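Asker: Predicted model, plus sequence, below.
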Amino acid sequence: DVKVTQSSRYLVKRTGEKVFLECVQDMDHENMFWYRQDPGLGLRLIYFSYDVKMKEKGDIPEGYSVSREKKERFSLILESASTNQTSMYLCASSPWVGKETQYFGPGTRLLVL
Amino acid sequence: DAKTTQPPSMDCAEGRAANLPCNHSTISGNEYVYWYRQIHSQGPQYIIHGLKNNETNEMASLIITEDRKSSTLILPHATLRDTAVYYCIVGNAGNNRKLIWGLGTSLAVNP
């Protein structure tokens, strides 16, 4: 089975802090994704990466950056956390092409005070 | 990418079939229909997908109309553990990187 793990299930940070969310997948997938999920808004794509050191902006990249130094690991960085970044963050991975699906991690619930 | 329309909520009795509808009237010829579900406080989980033929796996069946403008996910014998939000998404097989997620259908399976 594909396994996608995220570094924390729950995280509390203060406004202005730099926040790192880590995601690791064990299936040698090329694509990795970061979403945020908010009530009434559904899942929104922040960034995705289709190869090591490659990234593309999703629908809501503002206030975020990402890093993919190794194929299995994709990090989401909040350079200066703000209260409006309080959300559930979901990481996913998928193979490069074809009709294969996205496999999700359990999510990180981030609270910014 | 095409968008989908789903009812916001549905109820089902335990042991009965749950039929979840989805409209995707603007789907294009190379777009697949995917179904995921999300149990409370967990990440979404893949259920099934199809192009134009009906599909069945150990979790569910997917019925796609001949014109491909709508589909139905069928959970043949719903259990309490099937209580979740179910998402119907259409996406291009050659570009699975851009799935557009709606708000889904919140299914409550009642004892």
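Answerer: Yep, it's here. Quick caveat, the model's predicted, so the values are computed rather than measured.
Asker: which residue does chain B bring closest to chain A?
Answerer: Relative to chain A, the nearest point of chain B is residue B:43 (3.3 Å; C-beta to the nearest C-beta). Yep, even glycine has a C-beta here, placed from its N, CA and C like the rest.
Asker: so that residue makes contact with residue A:107?
Answerer: Yes - between residue B:43 and residue A:107 there is a contact under C-beta atoms under 8 Å: 5.1 Å.
Asker: how about residue A:21, what does it touch?
Answerer: If a contact means C-beta atoms under 8 Å, 6 or more residues apart in numbering or on different chains, then residue A:21 has A:6-8, A:11, A:34, A:75-78, A:89, A:91, A:108, A:110 as its contacts.
Asker: Setting aside sequence neighbours, what's the nearest residue to it?
Answerer: Excluding the flanking residues, the one nearest residue A:21 by C-beta to C-beta, 6 or more residues apart in numbering or on different chains is residue A:76, at 4.3 Å.
Asker: Strands - which of the contacts of residue A:21 land there?
Answerer: A:6, A:11, A:34, A:75-78, A:89, A:91, A:108, A:110 (DSSP state E).
Asker: Could you check how far the residue nearest to the spatial centre of chain A is from residue B:58?
Answerer: Closest to where the C-alpha atoms of chain A average out (C-alpha atoms, centre = their mean) is residue A:34, at 2.7 Å. Relative to residue B:58, residue A:34 is positioned 30 Å away (C-beta to C-beta, to the nearest Å).
Asker: likewise residue B:85?
Answerer: Relative to residue B:58, and taking C-beta to C-beta, residue B:85 is found at 21 Å.
Asker: Tell me which residue in chain A sits closest to chain B.
Answerer: For chain A, C-beta to the nearest C-beta, closest residue to chain B: residue A:104, 3.3 Å.
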